[in-house]
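>>> what's the 3D shape of this:
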Amino acid sequence: MLNKNIHSFLGCESEYNDAQTVIFGAPFDGTTSFRPGTRFAGSEMRNTSFGIETFSPYQDKDLFDIRVFDGGDLEFPFGNVEKVLKIIKNYTEKVLNDNKKFIMIGGEHLVSLGSIRATAEKYGDLHIIHFDAHADLRNEYLGEQLSHACVMRRAHEIVGDGKIYQFGIRSGDRDEFLFAENHTFMQKFDLQNFKTVVDKLRDKKVYFSLDLDILDPSIFCGTGTPEAGGVSFIQLLDSILLLRKLDIVGADINELSPIYDQSGVSTAVANKILRELLLIITK
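Just a heads-up that it's a prediction; the model follows:
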């Protein structure tokens, strides 16, 4: 059994054996190419989660209606990216093999790869929904293939063509957009057509990866690579609520860097989104 973490997100106070869903942190930003700081997201979200309610008026559900275990932040070595991904993969495998769902709190976006590797092994026909400002489809960045800028390219190598659905993308080099034309579904700039994709994936196992910098930086400035433009909180929430129609077997929320928003608003936004996602994936 995984040990109970004393430092828990609001309402996530179940013991592991009793839990339907597990949250855990992946405090890693070792390949961040602009401003680091995402390693502090999980801790800051737990500290400030008590500023929101456990009840969601959007869903008429409460975190106390479900059973969630908070496993705390994983411990990582410095300078060994493959080992970090292996630790994430092993933890995810444990959760999935115990027939639980999970939400991982990043960390930079590369951490998604560890959980995607484990989830794809568990569910062979896995589809990925990817919300982000950035395409993350580079084959390599600064000579490295394991980078936050390459995470969806590595994921594509696992799941194959036509199984990654990208929304909100407004940044990337030309080769990334050319790659997407032949290998992924990409909705640039916004969340249009998301309902159509949800209807298409109703009978599939789905992994949801949310890079919070999909949001307009005037709403969410606490991130390492802010991109002008982006969607509103309500637009994001409306799309996330559509996930209730899907079998989301795992998810992650990443790229909150709380130190770049001293007002705490970005962390509050992340907390509210995590609450809604927990209520969505925990049937």
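>>> pretty sure residue 35 is in a helix, no?
No: secondary structure of residue 35 (DSSP: H, G, I helix; E, B strand; the rest coil): coil, not part of a helix.
>>> show me what contacts the nearest residue to it once chain neighbours are set aside?
Using Cβ to Cβ, 6 or more residues apart in numbering and skipping residues adjacent in sequence, the residue nearest residue 35 is residue 224, 4.2 Å away. Every C-beta, even on glycine, is put in place using the N, C-alpha and C of the backbone. Going by Cβ atoms under 8 Å, 6 or more residues apart in numbering, residue 224 touches 29, 32, 34-38, 108, 255, 257, 260.
>>> Let me see the backbone angles for residue 224.
phi -80, psi -30 (degrees, to the nearest 10).
>>> Tell me the spacing between it and residue 232.
Counting by Cβ to Cβ, to the nearest Å, the gap from residue 224 to residue 232 is 21 Å.
>>> Where do the helices of the stretch 151-283 of the chain begin and end?
Taking DSSP state H, counting those that start in this stretch, the helices of the stretch 151-283 of the chain run over residues 151-159, 174-183, 194-200, 233-241, 265-281.
>>> so residue 255 makes contact with residue 214?
No: using Cβ atoms under 8 Å as the test, residue 255 is too far from residue 214 to be in contact (9.2 Å).
>>> ok, the two, which is more surrounded?
residue 255 (31 against 27; other Cβ atoms under 10 Å).
>>> what's near enough to touch the closest residue to residue 37 other than its chain neighbours?
Nearest residue to residue 37 in three dimensions, chain neighbours excluded: residue 257, at 3.6 Å (Cβ to Cβ, 6+ apart). Residues in contact with residue 257 (Cβ under 8 Å, 6+ apart) are 29, 35-38, 40-41, 222-224.
>>> what sits against the residue lying closest to residue 39 once chain neighbours are set aside?
Of all residues not flanking residue 39 in the chain, residue 27 sits nearest, at 3.9 Å (Cβ to Cβ, 6+ apart). Residue 27 makes contact with 38-43, 73-74, 76, 107, according to Cβ under 8 Å, 6+ apart.
>>> how close does residue 27 get to residue 137?
For residue 27 relative to residue 137 (Cβ to Cβ), the value is 25 Å.
>>> got it, and residue 253?
In terms of Cβ to Cβ, residue 253 sits 20 Å off from residue 137.
>>> closest one to residue 165 among the helices of the stretch 151-283 of the chain?
Across the helices of the stretch 151-283 of the chain, residue 165 has its closest neighbour in helix 194-200 (5.1 Å, Cβ to Cβ).
>>> quick one: buried residues of that closest one?
Neighbour counts over helix 194-200 (16 or more other Cβ atoms under 10 Å) mark 194, 197-198 as buried.
>>> Break down this protein into its strands, ranges please.
Counting by DSSP state E, the chain has strands at residues 21-26, 55-56, 61-62, 68-73, 101-106, 126-131, 164-169, 185-188, 205-211, 247-254.
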